[in-house]
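> whatever this is, show me its structure:
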Amino acid sequence: MSEAITYVQPFDANFTTAFCPELVLVAGLFAMMIIPNLGKATFRIPGTQIRLPYFLGGERYSVFSNPRLPSWIAVITMIIAFVEVLMSFDGGLQRYMIVSELLPTTINEVNSGDVLVNGGSHILPGSSKELLLINGFSRLFEMIFFGALSLAAIASMNRLQSFDASDRSTNALYNNRRQADFYILLLTCGMGMAIVALAQDMFVLFLGLELASFSSYVLVAFHKESKEGTEGGMKYFIVGSVASGVGLYGLSMLYLWAGSLQLGELSVAFAEAMSPQGSPALPLIALGFVLVGFGFKVSAAPFHFAAPDAYAGASSPIAGILATASKAMGIVGLTRMLLIVASPESSDGSAIWLVALGILSVVTMTWGNIAALGSDNPKRMLAYSSVAHAGYMLAGLTAIGAWNWDPRLAGHGGDAAIMVMTAILFHLVVLVCFKLGAFLVLSVLESEGEVSKMSNLRGLAKREPLLAVSMFIFMISLAGVPPMSGFMSKLLMIMGIVKVAIGDMGDAISNGDLLSIGDAHWVWWLALMMVLNSAISMFYYLRVVVTMYFHEPEGTRQGPLPHGWQVRTAIFACVVASVFFGINADGLINLCEMAANSLNYSWASQ
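All right, here's what the predicted structure looks like:
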């Protein structure tokens, strides 16, 4: 019998329990719009001299006039939502499906094992319009989204002006009138990302993607006083809008072809189209269009051209969100489309998209690393690094597409595919620690001026030893140096790809199934390309370390940096997590494996 899922309609008894983290974000949005505007405003009753208070507007009450109040509301909201997601893993995760309608069936059908349970009501799979699914996979991505947004919100508290004039040197980039706008956009971005993580319908997924995307477009250009911010935001908006338009056109083609955008129904229709009697042309074209939209979100080549300008123009915390949470959002979409809708179920494991995605992954990781080698802007260098990391994860998805490539290795492919999916999820989690952490270090440097050249990092070890050590840890984690968490994530992915290529090495060789590397599947070359590209990346990551430790500070950048305990606390948390998940990763790996197993794909039960 299938694992029990509680089917819930909007505003049912279980709705609040199922949607607790998301409802926290909604409450935070309302609080953000109301609390900072509470004041002594009144209105006059027509025809009288009587004035009654309505509290919204006018001279603000002193307790609500603190310019940092919006930031505290956003930070508290994000942390509560993050903790709620973590607590949902404790003691076993309850699975919920949010549906638009329910069609009850009979007890006999329940006993047949074909149905799922809804607190006493019995529901046939496919008898309802499935909108959102809450399980380990979706909750893990919400943990990534809310964690990254929480760190960015905390770090941005030091970039807003305060009452104390002496503190304004660290808070000069945004003025007070725009604080609430900034944090409303952060919360809205979080809501969109949560919808993407939960979506079981492609239209719902697209709505969540666009909600998060439009918020991120504004956040990139939020520092409109700078030329780089305006230019980066405009380029990101134009390219993103084109990618979204192409993706939406692909969705319309899918609906025209299948008559539904439900993931399960699309998967069935796609399998029929790929059969010898099917007509695959239209769904394949539509699939390609949809993947363009997700390719932009993960910054896969050649859809990455706006990313370096967006990273360079945005504030460092926002650039960190683009490199972590936004990238994870794109991986969710790719996973839904490639592993559920276009699931590799053929007997020889040749998923229709296998070769194309494999080539794209190699081009993406190589292009990103080579471009980063020639970049003198730290934020652009990290942007190209993000392109390379997208290539690594695309290589993992390619390997999953080959999970049952050879019947001689039956029984090994499913385990290997789950191992690769676990590695991808683990990499996305720890990427928040060391990639966002690196951007937060740059955020501290931005408090004294623009950080547009590698020379701006000179002598950081003398000026701020702890910040330099933090940046060193982040750089070697990105490069994949043991014992950092970045090494563990790359090692897991490479091992998983190799296991897909050759199955269980001992059994396969002893049985004479694999006599040479030529007998293995070609995806093992992707593992080799990951190793070579990781070696290339060492050069530009270590260049940052050399600049910090072996060069004197610039003449205009002397002495310690302005103090800001919030952003330094966020950096410290990233450092601890980067080291901890490298030397003690068992708990997180188990969590990621549980999430990988909860994804509903053809190889999960193999």
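> let me see the contact set for the residue most central in space within the chain.
With distances taken as C-alpha atoms, centre = their mean, the residue of the chain nearest its centroid is A328 (2.2 Å). Contacts for A328 were tallied using C-beta atoms under 8 Å, 6 or more residues apart in numbering; they are F141, I144, F145, M193, L428, L431. From N, CA and C alone the C-beta is placed, and that goes for glycine too.
> do the same with A152
Shown in contact with A152 (C-beta under 8 Å, 6+ apart): L186, P317, I318, G320, I321, L436.
> is it correct that the first one is in contact with S216?
Think L186. No. Assessed by C-beta atoms under 8 Å, L186 is found out of contact with S216, at 9.7 Å.
> so what's the residue count around the residue nearest to S386 when sequence neighbours are not counted?
When the adjacent residues along the chain are set aside, S386 lies closest to A323, with 4.4 Å between them (C-beta to C-beta, 6 or more residues apart in numbering). Neighbourhood size, A323 [other C-beta atoms under 10 Å]: 28.
> how near is the residue nearest to the centre of the chain to A390?
Here the distance between A328 and A390 works out to 11 Å (C-beta to C-beta, to the nearest Å).
> verify the contact between H551 and G459 for me.
Yes. Between H551 and G459 there is a contact under C-beta under 8 Å: 6.0 Å.
> neighbour-wise, which of the two wins?
When H551 and G459 are compared on other C-beta under 10 Å, the one with more neighbours turns out to be G459, at 19 against 16.
> so what pLDDT did that one get?
At G459, the pLDDT value in this model is 87.
> residue numbering should commence at 20 henceforth.
Taking 20 as the first residue, the last one we looked at is G478.
> you'd agree it is up against P572?
Yes. The pair G478 / P572 is scored as a contact, 3.1 Å apart, by C-beta under 8 Å.
> pop the domain breakdown of this protein in here.
Per automatic domain parsing, the domain ranges recorded for the chain read 20-260+318-325, 363-625.
> circling back: pretty sure the residue nearest to S405 sits against F458.
Yes. Under the criterion of C-beta under 8 Å, A342 lies in contact with F458, with a separation of 6.9 Å.
> helices - which of the contacts of A171 land there?
Among those, DSSP state H puts L205, P336, I337, G339, I340, L455 in helices.
> please identify the one among those that lies nearest to L228.
Nearest to L228 among the ones in helices among the contacts of A171, counting by C-beta to C-beta, is I340 at 14.8 Å.
> how close does that closest one sit to I163?
Taking C-beta to C-beta as the measure, I340 and I163 are separated by 11 Å.
> and these two? which has more neighbours close in?
The neighbour count for I340 versus I163, taken as other C-beta under 10 Å, is higher for I340 (30 against 26).
> if I look at the more buried one, how far off is S235?
With distances taken as C-beta to C-beta, I340 is found 7 Å from S235.
> any shared contact partners between the two?
Common neighbours of I340 and S235, using C-beta under 8 Å, 6+ apart, are C208.
> L455 touches C593, doesn't it?
Yes. Proximity of L455 to C593 meets the contact threshold set by C-beta under 8 Å, at 6.3 Å.
> between these two, which contacts overlap?
Taking C-beta under 8 Å, 6+ apart as the contact rule, the neighbours common to L455 and C593 are L170.
> where do the contact lists of A342 and F458 overlap?
Counting by C-beta under 8 Å, 6+ apart, the contacts common to A342 and F458 are L401.
> helix/strand/coil for L152?
For L152, the reduced secondary structure class is strand; criterion used: DSSP: H, G, I helix; E, B strand; the rest coil.
> distance of it from F165?
When distance is defined by C-beta to C-beta, L152 is 18 Å away from F165.
> of the two, who's got more company?
F165 (27 against 21).
> how about the more buried one: what's its closest non-neighbour residue?
According to C-beta to C-beta, 6+ apart, the nearest residue to F165 is F101 (4.1 Å).
> what residues are up against that neighbour?
Contact analysis of F101 by C-beta under 8 Å, 6+ apart lists P40, M162, F165, G166, S169.
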